[in-house]
Each structure stands twice: as C-alpha cells, then as structure tokens.
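Peer 1: Fold the following and give me the result.
(one chain, ligands or ions: 1)
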Amino acid sequence: MHKRLLTRERLEKIGVCTNTSCGICGEGTEILPHLFFEFHFSEECYKLLNEWLGLRTNDLILDGIWQRIIRNVRGKLCRKLITTVVAALVYKIWQARNDAIWNGKVPRSVMVCKQIQQKSRVILSVHNIRKEGIRSRE
Ligand SMILES: [Zn+2]
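Peer 2: A predicted model of the protein is given here:
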C-alpha cells in the first residue's frame with residue numbers, strides 16, 4: 001500500500017511537479033524511505049511510540065517493519081495493536097506531509113504521538129488489553 005503513495009519524487013517522474021524536496025523538512029528528497037523514518041520528525045514519532053509500547057527496536061526501515069516488530073511480541077491482540085499503531089503512524093506522517101504542503105503547518109511529533117496513543121487507548125479498553133500486556137519474547 002505505501003508504495004502507492006504519490007511522493008513528490010514520484011509526482012516529478014510523471015511530470016506533475018518539479019519540486020521533489022520533502023514537504024515537511026524541505027531538506028531531503030521526498031521519497032518513501034525519507035518520509036518513513038529517515039528524517040527527524042518521523043524518526044522521533046517512531047521512537048516515541050516504540051518507547052510507549054515498550055518495544056526495543058531501532059529498526060527504521062519501513063519495508064517489512066510490521067513483521068519484524070511483531071515477530072517477538074506475544075499475543076494476537078498485542079500484535080494487532082502494534083500493527084494498528086504502526087499503520088496509524090504512517091497515516092499521521094502522510095497527513096502531516098499533506099498539511100505541511102497545503103496548509104503550511106507541521107504538527108509537533110509529540111502531538112502526533114499523543115493522538116495515536118489516545119486512539120490506541122480506546123482500542124486497548126475495548127479489547128481489555130493492559131499496556132503491560134505487551135511483552136517482547138526477548
Ligand atoms: Zn524531510
């Protein structure tokens with residue numbers, strides 16, 4: 001799914017835009033690895049959520065990230081929650097990118113993470129998963 005995102009680099013290739021710089025930081029070329037999670041904003045969001053979930057991974061490569069993260073997590077619901085959090089993070093970063101380009105606003109990484117955490121708490125309560133229930137097999 002993420003390979004379908006029309007980054008500025010992809011838009012430039014099909015002749016839709018000429019500016020390939022990242023919509024959020026403006027420093028790198030807007031390609032998927034840059035957006036997820038090579039630049040400061042997305043890297044910080046990812047690390048904050050990893051810390052919140054109690055995961056100990058510094059793996060910042062998007063391809064296959066779900067499988068690598070959940071491989072060592074016990075419980076179907078915990079794996080489902082982590083998958084949901086990662087999907088929400090990708091969505092929020094893309095939303096932040098669009099907001100930066102179209103509205104000139106970039107949210108703070110802490111706020112993005114708080115929004116994801118609030119939504120996740122609803123999921124946690126619905127499925128009665130305690131946060132300490134997310135444990136790594138390591
Ligand atoms: Zn950037």
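Peer 1: show me what contacts the most centrally placed residue in the chain?
Peer 2: Closest to where the C-alpha atoms of the chain average out (Cα atoms, centre = their mean) is L89, at 2.9 Å. In this structure, L89 makes contact with 45-46, 49, 112, 116, judged by Cβ atoms under 8 Å, 6 or more residues apart in numbering. (C-beta placed from N, C-alpha, C; glycine too.)
Peer 1: If we use 7 Å, what do you get?
Peer 2: Taking Cβ atoms under 7 Å, 6 or more residues apart in numbering as the definition of contact, the neighbours of L89 are 45-46, 49, 116.
Peer 1: Same check on A88?
Peer 2: When contacts are counted by Cβ under 7 Å, 6+ apart, A88 touches 116, 119.
Peer 1: how about a cut-off of 8 Å?
Peer 2: The neighbourhood of A88, defined by Cβ under 8 Å, 6+ apart, consists of 116, 119-120.
Peer 1: Which ones among the contacts of L89 lie within helices?
Peer 2: 45-46, 49, 116 (DSSP state H).
Peer 1: Quick one: residues in contact with the worst-scoring helix or strand of the chain on mean pLDDT.
Peer 2: Of all the helices and strands that make up the chain, the one with the lowest confidence by mean pLDDT, DSSP states H and E is helix 65-70; it has a mean of 71. Residues from elsewhere that reach helix 65-70, judged by Cβ under 8 Å, 6+ apart: 55, 57, 59, 79, 82-83, 86.
Peer 1: so which pair among the residues you listed is furthest apart in space?
Peer 2: Distance extremes for these: the farthest pair is D59 and R79 at 15.8 Å, using Cβ to Cβ.
Peer 1: These two: who's more crowded?
Peer 2: R79 (17 against 13; other Cβ atoms under 10 Å).
Peer 1: In three-state terms, label the most far-flung residue of the chain relative to its centre for me.
Peer 2: Going by Cα atoms, centre = their mean, the residue of the chain most distant from its centre is G15, 27.8 Å out. What DSSP: H, G, I helix; E, B strand; the rest coil gives for G15 is coil.
Peer 1: gap between it and the ion?
Peer 2: With distances defined as Cβ to the ion, to the nearest Å, the gap from G15 to the ion amounts to 23 Å.
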